[in-house]
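>>> Mind looking at a prediction? Sequence and model below.
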Amino acid sequence: MAVPQLYYFDLRGFGEYIRLLYLDNKIEFEDIRYNIGGEEWPEVKKKMIFGQMPALKHNGQEIAQTGAILHLNGSNEEEATFLGMFFEGVRDSRMKYVRFIYVDEETRENLVQKTLPEHLANFEKLFKIHSGDFIIGNKTNYADYILFEELDVYHHLDAKILDKFPSLKAFWERMWKRPNLKSYLEKRDADRVFINAIEKGLD
């Protein structure tokens with residue numbers, strides 16, 4: 001059986017949530033990356049659903065949209081709803097960051113000192129609702145990977161940003177140590193893989 005093919009740009013962005021989930025769960029996949037501004041993507045774009053990435057192709061089927069690709073629900077309807085709420089909350093936080101990076105919507109100081117901490121305070125409260133090492137219990141779900149990637153991105157902005165949120169910081173540190181992720185994450189940092197199409201505010 002052919003392995004899934006994940007299509008995204010050669011940066012972290014939204015595709016990184018899926019890569020982390022697949023790597024951590026030992027799901028074999030082909031990581032197909034396109035250079036920003038390269039000649040290949042405009043032609044590939046014409047053939048993609050919605051003309052955007054990430055996209056996943058497997059056994060003749062194409063799936064678009066990050067959430068649809070990641071979607072591994074909780075064990076019951078209540079957990080599934082909770083995970084969906086957490087996932088969308090993290091995406092809202094990400095959009096604040098994205099607007100800072102690409103459209104100068106606010107200053108770096110305001111983002112780090114006010115906007116992101118407000119979101120992190122909400123995530124800290126939600127994280128404590130269920131006991132265990134992850135958002136729900138002691139088994140990872142798709143929302144854990146988007147949360148981890150966002151915490152790692154924010155840590156690049158400010159190394160102390162997680163200090164006031166002990167549950168989130170412990171989770172972030174725990175994810176970094178997961179055997180199936182550790183070497184990938186270390187190599188990613190060593191290679192200085194871009195988080196965004198531009199590396200603004202990450203000195």
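Okay, I see it.

>>> Mind checking the pLDDT average for the longest helix seen in the chain?
Counting residues, the longest helix found in the chain (DSSP state H) is helix 77-103. Mean pLDDT, computed over helix 77-103, is 88.

>>> and the next element down the chain from that helix?
Sequence order places helix 108-110 as the next helix or strand after helix 77-103, per DSSP states H and E.

>>> which helices and strands does the helix or strand following that next one pack with?
Using DSSP H and E, the helix or strand that follows helix 108-110 in sequence is helix 116-127. Under the contact definition 3 or more Cβ pairs under 8 Å, 6 or more residues apart in numbering; DSSP states H and E, helix 116-127 sits against helix 77-103, helix 142-157, helix 166-176. C-beta: built from backbone N, CA, C; applies to glycine.

>>> Quick one: work out the angle between the longest one and helix 116-127.
Same thing as helix 77-103. Interaxial angle, helix 77-103 versus helix 116-127 (axes from the mean of the first three to the mean of the last three Cα atoms, to 10 degrees): 170 degrees.

>>> Sort out which residues of helix 77-103 are buried, please.
For helix 77-103, a neighbour-count test (16 or more other Cβ atoms under 10 Å) marks 79-80, 82-84, 86-87, 89-91, 93-94, 96-97, 100-101 as buried.

>>> helices and strands around it, which ones?
With contacts taken as 3+ Cβ pairs under 8 Å, 6+ apart, helix 77-103 sits against helix 66-70, helix 116-127, helix 142-157.
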